[in-house]
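Peer 1: Pasting a predicted model and its sequence here:
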Amino acid sequence: EAGVTQSPTHLIKTRGQQATLRCSPISGHTSVYWYQQALGLGLQFLLWYDEGEERNRGNFPPRFSGRQFPNYSSELNVNALELEDSALYLCASRTGDYSNQPQHFGDGTRLSIL
Amino acid sequence: SQQGEEDPQALSIQEGENATMNCSYKTSINNLQWYRQNSGRGLVHLILIRSNEREKHSGRLRVTLDTSKKSSSLLITASRAADTASYFCATASLGIGGGADGLTFGKGTHLIIQP
């Protein structure tokens, strides 16, 4: 069974540009989560999508947005990039069953802002 | 915000020894999960313990949960060089969907196994 896949592996942008990160969940998983792991700030919850809808977001500005497609894959868009957006962005997926199920993570996209 | 706080921040032991990491959290939880991360790569799920469970085992891993003290511990027995990694606890809080919301992570324990 294929795990969570993320692309690209690395992304280099300059301040003010826009970045798009992609995530394919494990087959059969309907929930997708995005996390940011920035140096010194740890892992922080960004967004949660389930069945195509945004269910919740963490404490991030609106320039962080995304969507979930009918095949449950997801995109994270970051507009007006700032230097502090440099981080590892991790995607996780989980079965839609709301019982106690773990989240499974991809290897992440490392976003560097110059 | 960070809910979980792992202790210690770093731990270095000899191969074959046991490693114990602790985690404290602040709010009521639905479950607590432990993850491993190797050198800035993705997180690998290790074990999930529900709020009504006190202890759980998986291979060389043993996790305990004390909801009265809002704390958990992860024990790795007979450590190996390949166990060198950062270990994070993450909590799923009670809420809509019974814990389906985003996880809240601690800052992690960096474990080094000396060969």
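Peer 2: Yep, it's here.
Peer 1: Could you give the bridge partners of A:Asp50?
Peer 2: As for beta bridges, A:Asp50 partners with A:Ser31, A:Glu53 under DSSP bridges.
Peer 1: hang on, it packs against A:Ser31?
Peer 2: Yes - between A:Asp50 and A:Ser31 there is a contact at 4.5 Å, judged by CB atoms under 8 Å. No exception for glycine: its C-beta is placed from N, CA and C like everyone else's.
Peer 1: all strands of chain A, in order?
Peer 2: In chain A, the strands defined using DSSP state E lie at A:5-7, A:10-13, A:19-24, A:31-38, A:42-50, A:53-57, A:64-68, A:74-78, A:87-94, A:104-105, A:109-113.
Peer 1: Identify all contacting residues around stretch B:6-13.
Peer 2: Stretch B:6-13 has contacts (CB atoms under 8 Å, 6 or more residues apart in numbering or on different chains) with B:19, B:21-24, B:79, B:87-89, B:106-114.
Peer 1: picking up where we left off before, of all the strands of chain A, which one is nearest B:Glu15?
Peer 2: B:Glu15 lies closest, by CB to CB, to one member of the strands of chain A: strand A:104-105, at 26.9 Å.
Peer 1: Give me the distance from the worst-scoring helix or strand of chain A on mean pLDDT to the chain's centre.
Peer 2: Within chain A, no helix or strand scores below strand A:53-57, which has a mean of 90 by mean pLDDT, DSSP states H and E. For strand A:53-57, the gap between its own C-alpha mean and the chain's C-alpha mean amounts to 12 Å (CA atoms, centre = their mean, to the nearest Å).
Peer 1: cool, stretch A:74-88 as well?
Peer 2: From the chain centre to the centre of stretch A:74-88 is a distance of 10 Å (CA atoms, centre = their mean).
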